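Predicted structure and sequence below. I'll ask about it afterward.
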Amino acid sequence: MSIKLAIGCYHKLLGEALKKLIAGDGEISIAGVFSAGADLNEIGKTNPDVILLDLLTFQSLPEEFSFPPKSKILLIGDSSFKGSIPDRFEDLISKGVAGILPFGSGLGILKKALKSVSSGELWFGRKLIAQMIYHAALGKNHREKLSHMEKKVADLICQGHKNKEIARALSISEQTVKSHCNRIYKKMEVSDRLRLAIKLGHIRNP
């Protein structure tokens, strides 16, 4: 099943160039290319799995603008971004941003990020995640709600490890990891890994 992709760029020529680069991949179908302004309202009608946006377009969106809830947003950073902490990071997540590509990423990385985001994963560099977590949740301490093992699992989650890696590191089954994750999310009142990391903030080993 192919990934349905919509491309939104401030300059439509850039969007068309991205379309040509990506179009040869049989696993990705291009739903349309849209430029800034009223044109972006048409994206929702294509019901895409992923929306690829340049940072300038995203930052120019009106506060009340919203994309389809099911669509994941992958942002392309520009030369001014360079891995710095985005303002109002939690707002980005609440608006469906599932990843940010650093400025200058190659086509291979772009395609890998699109496929990763479409499958429900997040695409943020670990260094960037650490910066954003610390910035967004400095001074918050919710760890004491967790058991000793839950703290270990939470630490590994916040370091960007997948369930299989956590299971291997702690010598437990993946199913046990999933059970710990569900309890951690419930205690922290969050729905996913990134929101958990934001809430826990700068994490120290127990």
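That came in fine, so what should we check first?

From here on, just use CA atoms for contacts and neighbour counts.
Fine.

From Pro68, how far out is the spatially most central residue of the chain?
Centroid-nearest residue in the chain: Ala98, 2.1 Å away (criterion: C-alpha atoms, centre = their mean). Ala98 sits 14 Å away from Pro68, going by C-alpha to C-alpha, to the nearest Å.

which element is Val153 on?
helix 148-158 (DSSP states H and E).

Can you name every helix or strand that the next helix or strand after that helix contacts?
Downstream of helix 148-158, the first helix or strand assigned by DSSP H and E is helix 163-170. Under the contact criterion of 3 or more C-alpha pairs under 8 Å, 6 or more residues apart in numbering; DSSP states H and E, helix 163-170 touches helix 148-158, helix 174-188.

what does helix 163-170 rub up against?
153, 156-157, 173-174, 176-178 (C-alpha atoms under 8 Å, 6 or more residues apart in numbering).

excluding its backbone neighbours, what's nearest the residue nearest to the centre of the chain?
Among residues not flanking Ala98 along the chain, Leu122 sits closest, at 5.2 Å (C-alpha to C-alpha, 6 or more residues apart in numbering).

gap between the one you found and Gly96?
Here Leu122 is placed at a distance of 11 Å from Gly96 (C-alpha to C-alpha).

Strands along the chain, start to end?
In the chain, the strands defined using DSSP state E lie at 3-9, 28-35, 50-54, 72-76, 97-101.

May I see these arranged in CSV, with mean pLDDT as well?
As requested, these are exported to CSV (pLDDT from 0 to 100):
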stretch, mean pLDDT
strand 3-9, 89
strand 28-35, 88
strand 50-54, 90
strand 72-76, 89
strand 97-101, 85
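
Going by neighbour count, which of the contacts of helix 163-170 comes out on top?
Val153 (24 neighbours; other C-alpha atoms under 10 Å).

Now do the contacts for it.
By C-alpha under 8 Å, 6+ apart, the residues touching Val153 are 166, 177, 180-181.

Could you do Lys115 as well?
Contacts of Lys115 by C-alpha under 8 Å, 6+ apart are Ile3.

Report pLDDT for it.
Lys115 is assigned a pLDDT of 88 by the prediction.

neighbouring contacts of stretch 42-58?
The contact list for stretch 42-58, computed with C-alpha under 8 Å, 6+ apart, reads 3-10, 31-32, 34, 36, 67-68, 70-78, 114, 117-118.
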